[in-house]
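Student: need a structure here:
(one chain, ligands or ions: 1)
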Amino acid sequence: MNRKPISQVPIGLDPHSNEPLYKQLSKALIEAIEQGQFDTTELLPSSRTLATDLGLSRNTVNLALQYLMSDGYITSVARIGHMVNPEFQAHLDDTPRPRIEHLDWESRFSTPRSDEGHVWKPAGWSSYPYPFIAGQIETAMFPTKSWGRAMRLALTEEHAGTSLHDLVDRDDALLIEMLRRHILRARGITARPEEILITLGSQHGLGLVATALLNGESTVAIEEPGYPDARHMFRSRGATIQALPVDEKGAVIPSDLSNVDLVFVTPSHQYPTNTTLSIGRRHALLNQASRDDFVIVEDDYDSEFRYLGQSTPAMKSIENSGRVIYLGSFSKFLAPGLRLGFVVAEPTLIEHLRDLRRYQLRHPPGILQRALALFIQSGDYNRSVRRIRNVYKEKWIAMSEAVEKHIPWPVPIPTGGLSIWVGGPADFDATTMAELAIEEGVVVEAGGPCFVTPPIPRNHFKLGYASTPIGAIEPGLAIIARVIDRLR
Ligand SMILES: Cc1ncc(COP(=O)(O)O)c(C=O)c1O
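Tutor: This next block holds a predicted model:
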């Protein structure tokens, strides 16, 4: 920027304004300084010159200059006059400073960046007419009124101590109580308060567990296809990944897992196939954990969404070894944007995770915790889950019919969950299909990132339907069918 001497900077003053002239002058000077209009190597004109030039009294000018001095815009140079404060000027400088060194950040990272596939959700997915995107919700389904009520109540005097104060490493005792009474009990889990930690979504819980238990020597067994975000978190700890194949009964449990430190499973609805881990395999995995001395992370992110038959009890509810670390989430029943979840595990582990959490972010926002506690206590949570489950059941029926009608291959329809996993013939390219579909307003997720063993298959895709308006299901599937046809 070309800066001018102060004498050339126009300063307009209005003698008829109600605002005193010294204030008008100081405002005009501040504006000019903030816009970087002054040549900062020059002294400001003396108060006498300014007064003469602007037709003001010297008192008025001196008052304005004092004001600027006290706010740090200008400094006085002993016995000579005033200048724009060079410290202030440094902030204004808009020309980037030339780089004289190249910093190799990658070599400083404590863990390598993974180049394996990530789950991809395009920004602005909700503006597409046919979003078959997983892990999102239709915003119209969120219980806005009752959640708003809970948030307002959380701010009243009675609750503000939890909502607004620093809880340091503690959680909201009321939320813990509500979880125990209304959520965990429904899943067959009994847990004492010291066995529960509130997290920013279940992903945060998983990150804490990975930090606590894994390092470069560790081996983690995960389902394949499986949840890419979990794999990335384990990799970021330097852990080695071992794949467990998945069939119609969920993860296949090998007879020897003695080399493994942790097994990550999604027993209620296997991610991404939505199969349920059979009761026999659950017991087999628990027995094996004791025999081979590993721990199990049970990611139970959407067990409420079962449309046929009964929800299976959580693995955590049938174990007595303390080896199961249970992850829960409010992303599916409420909204992923709230970022609320929890971990249930042995007190010693919870205490350690609490310490890790404290020095990372202290605690999840008190206001969200208390609002959720009040939301559950009022009965609104259970009402909302029942209503949302009914809507999802209708969508599940519409999806099952549309998939059967339009997808040219046999597709297993799961009895629960919020997505359908489609596998085409080996030479089908779902990544290209997804690219072509988005041009027609249809968003689908190609399944490549769910695999870990090369060569990564390209023939799977995932149709999430929680966020899909019900009226978009049939026409959206018809478009997918046309794109598939074109590719074949
Ligand atoms: C397998 C799996 N686990 C957990 C979650 C929920 O994560 P969070 O609670 O961090 O939103 C998701 C959401 O997409 C998921 O797909």
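Student: Which single residue in this protein comes nearest to the ligand?
Tutor: Nearest to the ligand, among the residues of the chain, is Gly201, at 2.7 Å (C-beta to the nearest ligand atom). Bear in mind the C-beta positions are built from the backbone N, C-alpha and C, glycine included.
Student: That residue: how many residues sit nearby?
Tutor: Using other C-beta atoms under 10 Å, Gly201 has 21 neighbouring residues.
Student: That one reaches Arg339, doesn't it?
Tutor: Yes. Counting by C-beta atoms under 8 Å, Arg339 is a contact partner of Gly201 at 4.5 Å.
Student: Need the residues touching each of those two.
Tutor: Applying C-beta atoms under 8 Å, 6 or more residues apart in numbering, one finds that Gly201 and Arg339 are jointly contacted by Ser331.
Student: what's stretch 59-69 in contact with?
Tutor: Against stretch 59-69 from outside (C-beta under 8 Å, 6+ apart): 21-23, 25-26, 29-30, 33, 44, 47, 50-51, 54, 74-76, 82.
Student: one more time with 10 Å, if that's ok
Tutor: Here stretch 59-69 makes contact (C-beta atoms under 10 Å, 6 or more residues apart in numbering) with 13, 20-30, 33, 44-54, 56-57, 73-76, 81-82, 84-85.
Student: And stretch 180-191, by the same measure?
Tutor: 176, 178-179, 192-193, 195-196, 268, 300, 303-304, 311-319, 324, 326, 328, 330, 333, 342, 344-345, 347, 350, 376-377, 379, 381-382, 385.
Student: near the ligand, from those?
Tutor: Among the contacts of stretch 180-191, not one lies near the ligand by C-beta under 6 Å from any ligand atom.
Student: Show me which of the residues you listed are buried.
Tutor: 176, 178-179, 195-196, 268, 300, 303-304, 311-317, 319, 324, 326, 328, 330, 333, 342, 344-345, 350, 376-377, 381, 385 (16 or more other C-beta atoms under 10 Å).
Student: Please identify the residues of the stretch 201-350 of the chain in proximity to the ligand?
Tutor: Of all the residues in the stretch 201-350 of the chain, those lying near the ligand are 201-203, 227, 266, 271, 299, 301, 329, 331, 336, 341, going by C-beta under 6 Å from any ligand atom.
Student: Among the residues you listed, name the least confidently predicted one.
Tutor: Among those, Tyr301 has the lowest pLDDT, at 93.
Student: That one: neighbouring residues, count only.
Tutor: A count of nearby residues for Tyr301, using other C-beta under 10 Å, gives 24.
Student: Relative to Thr431, how far out is it?
Tutor: 25 Å (C-beta to C-beta, to the nearest Å).
Student: related to what we said a few turns ago, so which of the contacts of stretch 59-69 sit within strands?
Tutor: Assigned to strands by DSSP state E, the following of the contacts of stretch 59-69 qualify: 74-76, 81-82, 84.
Student: Make a ChimeraX selection of the buried ones in the residues you listed.
Tutor: Command for ChimeraX that selects the buried part of these, burial taken from 16+ other C-beta under 10 Å:
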select :74,81,82,84
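Student: for the ones in strands among the contacts of stretch 59-69, which one is nearest Asp485?
Tutor: Closest approach to Asp485 among the ones in strands among the contacts of stretch 59-69 (C-beta to C-beta): Val84, at 69.2 Å.
Student: how about the closest one, what does it touch?
Tutor: When contacts are counted by C-beta under 10 Å, 6+ apart, Val84 is found next to 3, 6, 29, 32-33, 36-44, 68, 73-75, 92.
Student: give the contact list for Arg237.
Tutor: For Arg237, counting by C-beta under 10 Å, 6+ apart, the contacting residues are 111, 207, 210-216, 218, 220.
Student: Repeat that for Ala251.
Tutor: With the criterion set at C-beta under 10 Å, 6+ apart, Ala251 makes contact with 221-224, 226, 243-245, 263-267, 270, 275, 277-278, 281-282, 285.
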